[in-house]
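*Asks:* mind folding the following:
(one chain, ligands or ions: 1)
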Amino acid sequence: MSLSPEQQAEIDALRANPQQTLRTVAPGMEKHLYLAHPVLDHGFVRVIDYMGDDAAICQAARVSYGKGTKSVQNDEGLIRYLMRHWHSTPFEMCEVKLHVKLPVFVARQWIRHRTANVNEYSARYSILDREFYIPAPEHVAAQSRVNNQGRGEVLQGDEAARVLEILKADSARCYDHYEQMISQDGQQGLARELARMNLPANIYTQWYWKVDLHNLFHFLRLRADAHAQYEIRAYADVICGIVADWVPYAWRAFEDYRMNAASLSAQMVDCVRRMLRGEQVTQENSGMSAREWREFQDIVGL
Ligand SMILES: Cc1cc2nc3c(=O)[nH]c(=O)nc-3n(C[C@H](O)[C@H](O)[C@H](O)COP(=O)(O)OP(=O)(O)OC[C@H]3O[C@@H](n4cnc5c(N)ncnc54)[C@H](O)[C@@H]3O)c2cc1C
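*Replies:* From the prediction side, this is the model:
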């Protein structure tokens, strides 16, 4: 992770200067405030600000005047009920603002989540740092044979070394040319907004990303999932840990009713019922395609 000494000093100063407030604070989140959690080789996730806690979800659901807490069991039970029945708006009462440093190709996947507020570092205004994502050897893998949208076996030996060398050399060469083009030493210097087009998608960018808890859960459901690309999953996994500390009841409900839950199609439900009645159900008499049948087998552990 690349934080300059000045950036680290700013973080230390912020953490050394607590403010008194009448607002609700979540103790589990306070310990994360401002700190940079490393992700990949140069990236990080930092919590810049947040609003709300588990009690705020219950307070909104009950539209109560005060803190709204009836009892700890009541609050957790209510949150689990809301999550189970897709009563989502109370979760929108909690918000979090993150500072994220991430490779551009990860940012392209991330930005597809439209229900957040984003402000990205301007490469028209500023000069990008010489920082590129180079995967660790265990993540340099071949195209998957079973999943067109994924990777398979880890590359070995000469091929792995050659791939890593190409990635490093091309990144360095592109950045050298970027610097040469913007340089005003003995020349006018190309505008930054144009020179950046030469940089590869593994260069790091940064943004502030603000989202409510309902939409964050949606993001995490998709991006902390095994089907998501490893690089964005690495960020989602770190955010999962932060959310678990921030709103522990909501997090457990999310794990139980979304993250580790499964949804069954009408045909799947029918098959489960037939199986429970002792019928021999196969893909041929299930009404499902071969692919759906495989997914069903995965869900029910056949
Ligand atoms: C494993 C994986 C593979 C993917 N592969 C591809 C791919 O190959 N190509 C590709 O282009 N994308 C791909 N995506 C991106 C995917 O299609 C979604 O764009 C992305 O996950 C964001 O989801 P979302 O729209 O639900 O989220 P958000 O944009 O956060 O929206 C949340 C919800 O708000 C509602 N919503 C938001 N905006 C609108 C709107 N304008 N109109 C209607 N409803 C709206 C929808 O209900 C939506 O589900 C992939 C995503 C994943 C997780």
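*Asks:* flag the shaky bits of the protein, pLDDT-wise.
*Replies:* Applying pLDDT under 70 to the chain flags the ranges 65-73.
*Asks:* what helix or strand is Cys61 on?
*Replies:* Quick fix: residue 61 reads Ala, not Cys. Following DSSP states H and E, one finds Ala61 within helix 54-62.
*Asks:* what's downstream of that helix, the next helix or strand?
*Replies:* Downstream of helix 54-62, the first helix or strand assigned by DSSP H and E is helix 72-84.
*Asks:* so that following helix versus helix 54-62, what angle?
*Replies:* Computed by axes from the mean of the first three to the mean of the last three CA atoms, to 10 degrees, the angle separating helix 72-84 from helix 54-62 equals 70 degrees.
*Asks:* residues in contact with helix 72-84?
*Replies:* 54-55, 57-58, 61-62, 69, 87-88, 90-91, 249-250, 252-254, 256-258 (CB atoms under 8 Å, 6 or more residues apart in numbering). To be clear about C-beta, it is placed using only N, CA and C from the backbone, and glycine gets the same treatment.
*Asks:* swap the cut-off to 7 Å and go again
*Replies:* Applying CB atoms under 7 Å, 6 or more residues apart in numbering, the set of residues contacting helix 72-84 from outside is Asp54, Ala55, Ile57, Cys58, Ala61, Thr69, Pro90, Tyr249, Ala250, Ala253, Phe254, Tyr257.
*Asks:* could you work out the most separated pair of these?
*Replies:* Thr69 and Tyr257 (21.8 Å; CB to CB).
*Asks:* how deep is the residue lying closest to Tyr204 once chain neighbours are set aside tucked in, by neighbour count?
*Replies:* Counting by CB to CB, 6 or more residues apart in numbering, the nearest residue to Tyr204 once its immediate chain neighbours are dropped is Glu131, at 4.5 Å. For Glu131, the count of nearby residues is 18 (other CB atoms under 10 Å).
*Asks:* unless I'm mixing things up, Glu131 is touching His42, no?
*Replies:* Yes - if you go by CB atoms under 7 Å, Glu131 and His42 touch, sitting 4.6 Å apart.
*Asks:* mutual contacts of those two, please.
*Replies:* The contact sets of Glu131 and His42 overlap at Ser2, Tyr204 (CB under 7 Å, 6+ apart).
*Asks:* mind giving me the domain split of this structure?
*Replies:* Under automatic domain parsing, the residue ranges defining each domain of the chain are 5-133+204-259, 134-201, 266-300.
*Asks:* contact partners for the residue lying closest to Phe132 once chain neighbours are set aside?
*Replies:* Leaving aside its chain neighbours, Phe132 sits nearest to Ser171 (3.9 Å; criterion: CB to CB, 6+ apart). Ser171 is in contact with Phe132, Pro200, Asn202, counting by CB under 7 Å, 6+ apart.
*Asks:* the ligand: which of those residues is nearest?
*Replies:* Distance to the ligand, by CB to the nearest ligand atom, is smallest for Asn202 among the contacts of Ser171, at 19.1 Å.
*Asks:* what about the residue of the stretch 201-302 of the chain found nearest the ligand, how many residues nearby?
*Replies:* Going by CB to the nearest ligand atom, the ligand is nearest to Leu222 of the stretch 201-302 of the chain, at 3.9 Å. By the criterion of other CB under 10 Å, Leu222 has 15 neighbours.
*Asks:* tell me what the helix holding Ala61 is packed against?
*Replies:* helix 72-84, helix 248-254 (3 or more CB pairs under 7 Å, 6 or more residues apart in numbering; DSSP states H and E).
*Asks:* can you mark which positions in it are buried?
*Replies:* For helix 54-62, the neighbour count (16 or more other CB atoms under 10 Å) marks Asp54, Ala55, Ala56, Ile57, Cys58, Gln59, Ala60, Ala61 as buried.
*Asks:* what residues does the stretch 151-300 of the chain have near the ligand?
*Replies:* Contact residues, the stretch 151-300 of the chain versus the ligand (CB under 6 Å from any ligand atom): Asn215, His218, Leu222, His227, Ala228.
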